[in-house]
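Peer 1: predicted structure and sequence below. I'll ask about it afterward.
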Amino acid sequence: MDWITRFWKKPEVKQIKQETVVIDMMKDDIDPTALTVENAYKTRWIWYHTILAIGIFMTNMLLLAILLLLAVKL
C-alpha cells in the first residue's frame with residue numbers, strides 16, 4: 001500500500017516571494033514642445049489613425065443604413 005500513498009499524497013507547495021517592480025511609463029515620453037523627427041512621427045501616426053477610425057465609422061454607418069434599407073424593402 002506504500003505505492004498508493006506515494007501517488008495520492010498532496011505535493012508540497014513552496015511559497016514564492018513576489019517582488020513588486022515599478023515601471024516608469026513616462027520615462028521615454030517625448031517633450032511635446034520639442035520639434036524632433038520622432039515627435040513629428042508620433043503626431044502624424046495619431047492623426048493618421050484618427051482619420052482612419054473616422055472613415056471606418058462612417059463606412060460602418062453607411063453599411064448599416066444599406067442593411068436597414070434592404071430589410072425594410074424586402
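Peer 2: Structure received.
Peer 1: where is the longest helix in this structure?
Peer 2: helix 37-73 (DSSP state H).
Peer 1: and it, average pLDDT?
Peer 2: In this model, helix 37-73 has a mean pLDDT of 93.
Peer 1: residues of it that come out buried?
Peer 2: Judged by neighbour count (16 or more other Cβ atoms under 10 Å), helix 37-73 contains no buried residues. Every C-beta, even on glycine, is put in place using the N, C-alpha and C of the backbone.
Peer 1: what is that helix packed up against?
Peer 2: Using 3 or more Cβ pairs under 8 Å, 6 or more residues apart in numbering; DSSP states H and E as the contact test, no helix or strand touches helix 37-73.
Peer 1: quick one: stretch 55-63 to chain centroid distance?
Peer 2: 22 Å (Cα atoms, centre = their mean, to the nearest Å).
Peer 1: hang on, I meant stretch 47-54
Peer 2: That offset, for stretch 47-54, works out to 17 Å (Cα atoms, centre = their mean).
Peer 1: coming back round to it: distance from the chain centre to the longest helix of the chain, please.
Peer 2: So, by Cα atoms, centre = their mean, the centroid of helix 37-73 is 19 Å from its chain's centroid.
Peer 1: got the contact list for the residue positioned nearest the centre of the chain?
Peer 2: For the chain, H49 is the residue whose C-alpha lies nearest the centre (Cα atoms, centre = their mean; 15.0 Å). H49 makes contact with no residue under the criterion Cβ atoms under 8 Å, 6 or more residues apart in numbering.
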